[in-house]
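> missing the sequence, but the structure's below:
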């Protein structure tokens, strides 16, 4: 992957925090960069690719979308969260998880297209 195509993001911030692996989907990164370009504000990524061996994923019955390189969590709160969420739908993100209580507020974004799950949920 040519990270120069995604000037708002670095390979380092997309790496698995436990293994250092980075297997982000190029199609996903294109959508994420287009979203960031329209949003016009920095997007702090708190979680992106997770290896199937990552402790969060290993504790699940089945590894989640982060292991496919098609998901990120963005630190964002309040009206910025609402604005980013609206733009995410516009840019074709199919899964949006909202965590807006307490500290550590974030928005989960993914492009997963299969399986029975809601397109938007809260944590």
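Thanks, I have it. Treat the numbers as computed from the prediction; the structure is a model and nothing was measured.
> confirm that residue 108 sits in a helix.
No. According to DSSP: H, G, I helix; E, B strand; the rest coil, residue 108 belongs to no helix; its state is strand.
> check whether the spatially closest residue to it that is not a sequence neighbour sits in a helix, strand or coil.
Distances taken as Cβ to Cβ, 6 or more residues apart in numbering put residue 97 closest to residue 108, at 3.4 Å, once the chain neighbours are dropped. Every C-beta, even on glycine, is put in place using the N, C-alpha and C of the backbone. Judged by three-state DSSP, the three-state class of residue 97 is strand.
> pull the contacting residues for the residue of the chain positioned farthest from its centre.
Distance from the C-alpha centroid of the chain, by Cα atoms, centre = their mean, peaks at residue 61 (20.5 Å). For residue 61, the contact set (Cβ atoms under 8 Å, 6 or more residues apart in numbering) is empty.
> and it, that's in a helix?
No. Counting by three-state DSSP, residue 61 falls outside a helix, being coil.
> the residue nearest to residue 108 against residue 112, yeah?
No. Using Cβ atoms under 8 Å, residue 97 is not in contact with residue 112, being 11.3 Å away.
> the strands in this structure, which residues?
For the chain, the strands defined by DSSP state E cover 44-47, 71-75, 95-99, 106-110, 120-122.
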